[in-house]
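S.K.: Fold the following for me, if possible:
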Amino acid sequence: MTSSYRPPAPHPLPPVRSLLRVILQGEGDLLSLIPDLAYEERLLPLGITRRGILYVNDPQLVAQVLTDPAGIFPKNDLMVDAVAPLIGNAMFVSSGVTWRRQRRMIEPAFSHMRLARAFGQMDAAVDDHEQWLERKRATCAAFSLDAAMGHLTADVITRTIFSTPLAEGAARDVFEAFAVFERQVASVNVKALLFDKPWRHTPQPPRVLEACRRIRALIGAMVAPRFAPDATPADDICAAAIAAVDPESGAPFTREELIDELGVFFLAGHETSASALTWVFFLLSQRPDVVARIRAEVDGAVGDGPITIEHAKRFPFIKAVFKETLRLYPPITFLPRVAAEDTTLGGRRVRRGTMVLVAPWTIHRHRVLWTDPERFDPDRFLDGREDAITPGAYVPFGLGPRVCVGAAFATLEAALFIARLTRRFDFEAVEPGAVRPVARLTTRPRREILMKVRARGAT
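M.R.: As a prediction, this is how the structure comes out:
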């Protein structure tokens with residue numbers, strides 16, 4: 001079944017009108033700043049900013065920038081300044097020798113994200129979440145979908161990192177701190193993007209620094225017991241990070257470096273997954289035909305029984321729904337790089353300091369690369385149609401040596417959550433017409449989405 005439903009997104013405008021729209025909105029919405037030509041051209045220079053921006057939508061050039069064998073395109077300075085108060089110079093933003101050292105040290109921790117090992121923690125977290133949703137159903141209470149998905153994914157990643165569930169109060173504190181962080185950093189980024197020279201340090205507002213302090217304090221409080229003389233030995237990401245040593249010097253991470261790196265796991269495993277799942281369940285609230293197909297798939301494979309890891313790995317339509325949601329609402333909206341030296345890209349001269357902008361948001365909605373790019377169509381990832389997708393035109397997890405190592409983890413997590421929650425509940429958005437995406441740290445709704453749940457099939 002096809003649908004004419006257009007999921008929420010800004011309507012692209014010419015460059016000057018896009019800039020005026022952002023200024024008038026006063027919200028630092030980078031999605032509304034994207035001009036219409038960015039959805040049509042494969043390489044597009046923008047001259048409306050002081051530093052210069054080069055949009056890169058061509059899949060081959062995207063691969064060149066993100067693999068970056070010569071180290072010409074490091075992480076953009078605006079991105080580094082934005083996340084430094086939260087994760088310091090951790091693996092997410094570092095480059096060169098520092099990045100390679102951190103990656104070698106943290107490599108053993110990745111084993112704890114293996115699917116067979118993590119599935120039980122995901123399943124336990126969704127058990128608790130179903131009970132919470134059942135209480136909302138019983139009282140007909142509206143709730144923030146953003147906060148609910150934030151709590152659920154934070155619970156999963158906390159269990160994975162620290163082998164313990166996340167307390168209700170801590171979950172609320174994390175969500176509120178991340179919400180402040182994203183809103184305030186976005187507004188700083190727009191100003192710096194338009195008016196600042198390259199590599200000019202962008203100081204963060206006090207509220208951003210306080211939000212980062214709260215998040216780091218939470219992580220620090222969970223790390224501290226591991227250093228107690230009577231600490232119980234553990235086998236999780238935190239234990240692996242504590243045990244990590246530099247292969248050359250033999251030195252471990254300092255306490256602050258440890259919080260930096262665990263913060264990356266928390267950021268990647270919680271914030272990006274929460275963003276994706278928020279959009280999944282909003283879209284499902286608008287597409288009962290898609291929900292019916294999900295239920296038919298789950299009922300046919302599982303019946304009334306438990307959903308095992310083997311089931312969750314094999315749900316083809318659920319995976320297609322998740323992939324299509326990531327296409328329309330990639331968790332990391334932009335992958336900004338900066339030209340560290342004068343160079344060329346696609347035959348075009350690129351001067352030092354230019355922002356080289358790889359934007360999954362525009363690549364995934366590019367009118368040359370995709371058919372009906374603004375339509376929600378999970379079937380484009382089924383029945384051989386996925387083979388017709390231009391290689392490199394779908395990059396929700398990045399490319400190259402810095403590709404997201406948690407992609408399989410996130411996909412399994414999403415398949416389990418979609419299958420279990422949709423099997424039991426109907427989701428109803430309170431004001432679906434008011435939902436609008438904005439680019440913050442991740443692709444988020446402009447305002448929290450209020451949602452209600454009913455028992456499956458209830459009227």
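S.K.: Contact partners for the spatially most central residue of the chain?
M.R.: Centroid-nearest residue in the chain, with C-alpha atoms, centre = their mean: Thr272, separated by 2.4 Å. Contacts for Thr272 (C-beta atoms under 8 Å, 6 or more residues apart in numbering) come out as Pro331, Ile332, Ala410, Thr442. C-betas here are computed from N, CA, C, even on glycine.
S.K.: Kindly recompute the last result at 6 Å.
M.R.: Shown in contact with Thr272 (C-beta atoms under 6 Å, 6 or more residues apart in numbering): Pro331, Thr442.
S.K.: what helix or strand does it sit in?
M.R.: Using DSSP states H and E, Thr272 maps to helix 272-286.
S.K.: mind listing what's buried in that helix?
M.R.: For helix 272-286, the buried set under the neighbour-count rule, 16 or more other C-beta atoms under 10 Å, comprises 272-286.
S.K.: beta partners for Val350?
M.R.: Beta bridges link Val350 to Thr343 when assigned by DSSP bridges.
S.K.: correct me, but it touches Ala340?
M.R.: No. In this structure, Val350 is not within contact of Ala340 by C-beta atoms under 6 Å, at 10.5 Å.
S.K.: neighbour count winner among the two?
M.R.: Val350 (20 against 17; other C-beta atoms under 10 Å).
S.K.: you'd agree Phe92 is in a strand?
M.R.: No. Counting by DSSP: H, G, I helix; E, B strand; the rest coil, Phe92 is located in no strand; its state is coil.
S.K.: In three-state terms, label Ala116 for me.
M.R.: Assigned with three-state DSSP, Ala116 falls in the helix class.
S.K.: what about it, neighbour count?
M.R.: Residues lying near Ala116 (other C-beta under 10 Å) number 8.
S.K.: could you check the distance from the nearest residue in space to it that is not next to it in sequence over to Pro206?
M.R.: Leaving aside its sequence neighbours, Ala116 sits nearest to Ile309 (C-beta to C-beta, 6 or more residues apart in numbering; 6.5 Å). With the distance defined as C-beta to C-beta, to the nearest Å, Ile309 ends up 45 Å from Pro206.
S.K.: immediately after the helix holding Thr272, which helix or strand?
M.R.: Following helix 272-286 in sequence order, the next helix or strand is helix 288-302 (DSSP H and E).
S.K.: List the buried residues of that next one.
M.R.: The neighbour-count check on helix 288-302 (16+ other C-beta under 10 Å) flags Val290, Val291, Arg293, Ile294, Glu297, Val298, Ala301, Val302 as buried.
S.K.: could you dump these to TSV with pLDDT?
M.R.: Putting these into TSV (pLDDT from 0 to 100) gives the following:
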residue	pLDDT
Val290	98
Val291	98
Arg293	97
Ile294	98
Glu297	98
Val298	97
Ala301	95
Val302	94
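S.K.: export these to JSON lines and tack on distance to Pro10?
M.R.: Formatted as JSON lines, the buried residues of helix 288-302 follow (distance: C-beta to C-beta, whole Å):
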{"residue": "Val290", "distance to Pro10": "23"}
{"residue": "Val291", "distance to Pro10": "27"}
{"residue": "Arg293", "distance to Pro10": "29"}
{"residue": "Ile294", "distance to Pro10": "28"}
{"residue": "Glu297", "distance to Pro10": "33"}
{"residue": "Val298", "distance to Pro10": "34"}
{"residue": "Ala301", "distance to Pro10": "38"}
{"residue": "Val302", "distance to Pro10": "39"}
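S.K.: per-residue pLDDT, Met1?
M.R.: Here the pLDDT value assigned to Met1 is 44.
S.K.: So Thr343 sits against Ile72, correct?
M.R.: Yes. Contact criterion C-beta under 6 Å: Thr343 and Ile72 qualify, at 5.4 Å.
S.K.: Of these two, give the one with the bigger neighbour count.
M.R.: The neighbour comparison of Thr343 against Ile72 (other C-beta under 10 Å) goes to Ile72, with 19 against 16.
S.K.: give me the element the more buried one is part of.
M.R.: For Ile72, there is no enclosing helix or strand under DSSP H and E.
S.K.: what's near enough to touch it?
M.R.: Per C-beta under 6 Å, 6+ apart, neighbours of Ile72: Ala340, Thr343.
S.K.: now it: how far from Pro14?
M.R.: Noted for Ile72: a distance of 31 Å to Pro14, by C-beta to C-beta.
S.K.: Low-confidence regions, the stretch 301-450 of the chain specifically.
M.R.: Judged by pLDDT under 70, the stretch 301-450 of the chain has no weakly predicted residues.
S.K.: what does the stretch 51-200 of the chain give?
M.R.: Within the stretch 51-200 of the chain, the stretches with pLDDT under 70 are 168-169, 171, 186-196.
S.K.: can you map out the helices along it?
M.R.: Remark: helices assigned in the stretch 51-200 of the chain by DSSP state H, counting those that start in this stretch are 59-67, 77-87, 96-106, 115-139, 145-162, 168-195.
S.K.: for the second one, packing partners?
M.R.: Contact analysis of helix 77-87 by 3 or more C-beta pairs under 6 Å, 6 or more residues apart in numbering; DSSP states H and E lists helix 168-195, helix 206-223, helix 255-266 as its packing neighbours.
S.K.: between the ones you listed, which one is nearest to Trp99?
M.R.: Counting by C-beta to C-beta, Trp99 lies closest to helix 255-266 out of these; the figure is 11.6 Å.
S.K.: Touching stretch 346-357 from outside, list them.
M.R.: Here stretch 346-357 makes contact (C-beta under 6 Å, 6+ apart) with 43, 51-55, 61, 65, 73, 76, 198, 336-339, 341-343.
S.K.: Over to stretch 209-221?
M.R.: The contact list for stretch 209-221 (C-beta under 6 Å, 6+ apart) reads Pro85, Leu86, Ala170, Ala177, Val180, Phe181, Ile259, Leu262, Gly263.
S.K.: Most neighbours among the residues you listed, please name it.
M.R.: Neighbour-wise, the contacts of stretch 209-221 (other C-beta under 10 Å) top out at Leu86, 29 neighbours.
S.K.: How about the contacts made by that one?
M.R.: Neighbours of Leu86 in contact, by C-beta under 6 Å, 6+ apart: Cys212, Gly263.
S.K.: and what of Val280?
M.R.: Contacts for Val280 were tallied using C-beta under 6 Å, 6+ apart; they are Thr325.
S.K.: ok, now how distant is it from Arg287?
M.R.: 11 Å.
S.K.: And for Tyr39?
M.R.: Distance, Tyr39 to Arg287, by C-beta to C-beta: 23 Å.
S.K.: Compare those two (neighbour count), which wins?
M.R.: Neighbour count, other C-beta under 10 Å: between Tyr39 and Arg287, Tyr39 has more, with 22 against 19.
S.K.: surely that one meets Leu369?
M.R.: No. The pair Tyr39 / Leu369 is not scored as a contact, 9.6 Å apart, by C-beta under 6 Å.
S.K.: Of the helices and strands packed on helix 77-87, flag the one that's most buried.
M.R.: Highest mean neighbour count among the helices and strands packed on helix 77-87 (mean count of other C-beta atoms under 10 Å): helix 255-266, with a mean of 21.
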